[in-house]
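Peer 1: Below is the sequence, then the predicted model.
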Amino acid sequence: MEPAGSSLGGTALQLSGDRAAPPGEEGLSAITAPCSAGLVSSSGTNGKAVVCERCGSRVLSPGTARYRRRELFLPSMRQKVALGTDGSAVTGDMLQEHWFVDDMYTFENIGFTKDVNNIKYLVCADCEIGPIGWHSLDDKKSFYIALDRVQHE
């Protein structure tokens, strides 16, 4: 398992027009995983609202994010050590299913952590649980919310 910011950077591109997903990232053709079943509309967007699993605050409205498969490391939501401190052992998960947004103003409710190895983690702005998502400072138009870290209604 690699820590955030090591080799997981890269850019995410739209799946329409003359743009395609970069290597290692899949779009609509990969809608077979159990977590995404019933959540992805026929157009490849979120069919339901994305909400915080702790407080229920709305993170994304229906139809505002696109489904993407990309392997990204997210630290554990119950991490006891501060991220980015020297010598700290960061535990977490490699997650593959995400909602992708290319404009931070699409979110209804989201917070950002301080930079950790050129990555900003996304958290619920109301209760601050997280990280629920990932944003690389190398690509200003790529925001990912992990399906495993949120609920849908």
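Peer 2: Done, it's in.
Peer 1: Please count neighbours and contacts with C-alpha atoms only from this point.
Peer 2: Will do.
Peer 1: surely Lys141 meets Asp102?
Peer 2: Yes - with contact defined as CA atoms under 8 Å, Lys141 reaches Asp102; the gap is 4.5 Å.
Peer 1: Check what pLDDT Ser36 gets.
Peer 2: Per-residue pLDDT puts Ser36 at 68.
Peer 1: Likewise for Thr85?
Peer 2: Reported pLDDT for Thr85: 56.
Peer 1: Check which residues of stretch 143-153 are buried.
Peer 2: For stretch 143-153, the neighbour count (16 or more other CA atoms under 10 Å) marks Phe143, Tyr144, Ile145, Ala146, Leu147, Arg149, Val150, Gln151, His152 as buried.
Peer 1: Next up, phi/psi of the fifth one, please.
Peer 2: Right, Leu147. For Leu147, the backbone dihedrals are phi -60, psi -30 (criterion: degrees, to the nearest 10).
Peer 1: contacting residues for the nearest residue to it once chain neighbours are set aside?
Peer 2: Among residues not flanking Leu147 along the chain, His98 sits closest, at 5.3 Å (CA to CA, 6 or more residues apart in numbering). Contact analysis of His98 by CA atoms under 8 Å, 6 or more residues apart in numbering lists Tyr67, Arg68, Arg69, Arg70, Tyr144, Ile145, Ala146, Leu147.
Peer 1: with those residues in mind, which one is nearest to Asn109?
Peer 2: Checking those against Asn109 by CA to CA gives Ile145 as the nearest, at 12.1 Å.
Peer 1: Who is that closest one paired with across the strands?
Peer 2: Trp99, Gly133 (DSSP bridges).
Peer 1: And it, how far from Leu95?
Peer 2: 10 Å (CA to CA, to the nearest Å).
Peer 1: Return the residues in contact with Phe107.
Peer 2: Contacts of Phe107 (CA under 8 Å, 6+ apart): Val59, Leu60, Ser61.
Peer 1: tally of neighbours for the last one?
Peer 2: The one in question is Ser61. Counted by other CA atoms under 10 Å, the residues lying close to Ser61 total 18.
Peer 1: Pull the contacting residues for it.
Peer 2: Applying CA under 8 Å, 6+ apart to Ser61 gives the contacts Lys48, Ala49, Val50, Phe107, Glu108.
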